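pasted the sequence and its predicted model underneath.
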Amino acid sequence: MEKNLYNFYQLDSNFNIRENIHVSKLFIVRVTVDQEEVTFRYLPLNSDKFTSNRIVHSNTADRKLAKISAINDTLKITANGYTTKKLAISSYEQELNVKLDTIESTTVGRSAGCGKSTALKGEKTLEITSGGKKRSYILRLPDDYNPDKPYRLIFSIHCLNGSAKGVASGGNGNSYEYYGLWKLANPKNGPGTTIFCSPEGLPVGYMGGGLGWANNNGEDVEFFRAMITKFQNELCIDTTRIFAEGFSMGGSMSYALSCAIPNKFRAICMHSGGAMSGCSGTNRSPTAMYITHGTNDNVCTWTGGSGVNQLNEVAKRNGCDTEDLISKCKPTDQSGRTPVTLNYKNCNPAYPCKASIFIGGHDPSPGGEKNTWVDDSTWNFFKQF
């Protein structure tokens, strides 16, 4: 049969691969005669030459083809925003399950406060003047804070009628400090990675009249801008990794920040939020965004578009494909512990958008603070940057 294959090639020597394909890239060519099959690589070169099975032939050379008994080749996979991967292949019919890893940015923005000593240690309640008003916030540094090391900065924003102290203390038993992210970002045995800030809102005059984030005339955005400036001047902050997370009106404030000053925030997370704090339409720069929301939320209603509209707006900024979250995200676990998660497709790789939808009400920690999936999911979203 080997001889018959050879004769086949001799008899069919007028067949020209280049003329029949009309392009100049690598091809895997398969020739079948009766029950015998030959597979070989063909790569057109300059000056009417080609390479086949790694042997270069001229146009006048004898173009005999030998059957390949084994293949020793490498497949290289590349994609924008992902690491390049090379895989060995032993057959051109081999099935490969390839998962590319996102590129972890090596860029670190060192703030003006890097290298400066500070008297701050642990957790402090502090004040700053913004818009002619005294505003307060709680700031917590990692126990092993090093003034020469740039740290992430996460703003954890309270809900309407909540408080900075409530977020910082973590509620019952101090188990959920800063929405559960403190223990993940700064484990007991170190090293610490993140500075946390829990800011205090202003009286809003409705729904109980407690503290919140009405953001009248952008005054709350200016409060955050003032805090960022102060922290960057006095502490060692990674200016490329500043984040905001909040529940309900706190989540809405996170969204407002992504609208007004997206260049300051690498990513935001909105838990059961909406558009209560507004959205400045003057800056449409991208920001990575993640939301969690309950299908039975009667405060920021899911079917009414709360969370949905805000994430879709950011996704559009980020170049993502449009998604119908309400029809695609239909969880079935009544406990709320198994959400349906949707990652938007074709986003700018640097600015992903994601939603995790659960069966439940207006709740920042479905399943309970000790058992919820929200803190892990949020931290995993933030720490990828």
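Here it is on my side, so go on.

care to break the chain down by domain?
2-69, 123-383 (automatic domain parsing).

same list (those) but as CSV, adding distance to K116.
Placement of C-beta: from N, CA and C, glycine included. Putting these into CSV (distance: least, Cβ to Cβ, whole Å) gives the following:
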stretch, distance to K116
domain 2-69, 56
domain 123-383, 6
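
got the buried residues for the helix or strand hosting D220?
Using DSSP states H and E, D220 sits in helix 219-234. Neighbour-count burial for helix 219-234, counted by 16 or more other Cβ atoms under 10 Å, picks out 219-225, 227-228, 230-232.

from the residues you listed, which is closest to S254?
Comparing these against S254 with Cβ to Cβ places F224 closest, at 9.9 Å.

circling back to that earlier point, I'd like to know the average pLDDT value across the helix holding D220.
In this model, helix 219-234 has a mean pLDDT of 98.

what ranges do the helices span in the stretch 101-250 of the chain?
Per DSSP state H, counting those that start in this stretch, the stretch 101-250 of the chain carries helices over the ranges 164-169, 182-185, 219-234, 249-260.

those into a markdown table, with extra columns for distance to C353?
As requested, the helices of the stretch 101-250 of the chain are exported to a markdown table (distance: least, Cβ to Cβ, whole Å):
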| stretch | distance to C353 |
| --- | --- |
| helix 164-169 | 24 |
| helix 182-185 | 22 |
| helix 219-234 | 22 |
| helix 249-260 | 11 |
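
which of those helices sits closest to T301?
Among those, the nearest to T301 by Cβ to Cβ is helix 249-260 (13.6 Å).

CA-only coordinates of that closest one in PDB, if you can.
What follows is helix 249-260, C-alpha atoms only, in PDB (Å, rounded to 0.1, in the frame of the first residue of the first chain):
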ATOM      1  CA  MET A 249     -28.000  52.500  48.600                       C
ATOM      2  CA  GLY A 250     -24.400  51.800  49.300                       C
ATOM      3  CA  GLY A 251     -24.300  49.700  46.100                       C
ATOM      4  CA  SER A 252     -26.000  52.600  44.300                       C
ATOM      5  CA  MET A 253     -23.300  54.900  45.500                       C
ATOM      6  CA  SER A 254     -20.700  52.500  44.100                       C
ATOM      7  CA  TYR A 255     -22.400  52.700  40.800                       C
ATOM      8  CA  ALA A 256     -22.500  56.500  41.000                       C
ATOM      9  CA  LEU A 257     -18.700  56.500  41.500                       C
ATOM     10  CA  SER A 258     -18.300  54.400  38.400                       C
ATOM     11  CA  CYS A 259     -20.300  57.000  36.500                       C
ATOM     12  CA  ALA A 260     -18.700  60.200  37.800                       C
END
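
make 403 the first number, not 1, from now on.
Got it, first residue is 403 now, which makes that one helix 651-662.

between helix 621-636 and that helix, find me the angle.
Angle between the axes of helix 651-662 and helix 621-636 is 80 degrees (criterion: axes from the mean of the first three to the mean of the last three Cα atoms, to 10 degrees).

against which helices or strands is helix 651-662 packed?
strand 553-559, helix 621-636, strand 639-649, strand 669-673, strand 690-696, helix 710-719 (3 or more Cβ pairs under 8 Å, 6 or more residues apart in numbering; DSSP states H and E).

repeat the analysis, applying 7 Å as the threshold.
Helix 651-662 sits against strand 553-559, helix 621-636, strand 639-649, strand 669-673, with contacts defined as 3 or more Cβ pairs under 7 Å, 6 or more residues apart in numbering; DSSP states H and E.

can you tell which of the ones you listed is closest to V569?
strand 553-559 (4.9 Å).

leaving out chain neighbours, which residue sits closest to E621?
Of all residues not flanking E621 in the chain, G533 sits nearest, at 4.8 Å (Cβ to Cβ, 6 or more residues apart in numbering).

swap in L604?
Spatial nearest neighbour of L604, chain neighbours left out: L613 (6.4 Å); criterion: Cβ to Cβ, 6+ apart.

tell me how far the one you found lies from N665.
As judged by Cβ to Cβ, to the nearest Å, L613 and N665 stand 27 Å apart.

who's more crowded, the two?
A count of neighbours by other Cβ atoms under 10 Å puts L613 above the other of L613 and N665, at 19 against 10.

mind pulling up the pLDDT for that one?
At L613, the model reports a pLDDT of 97.
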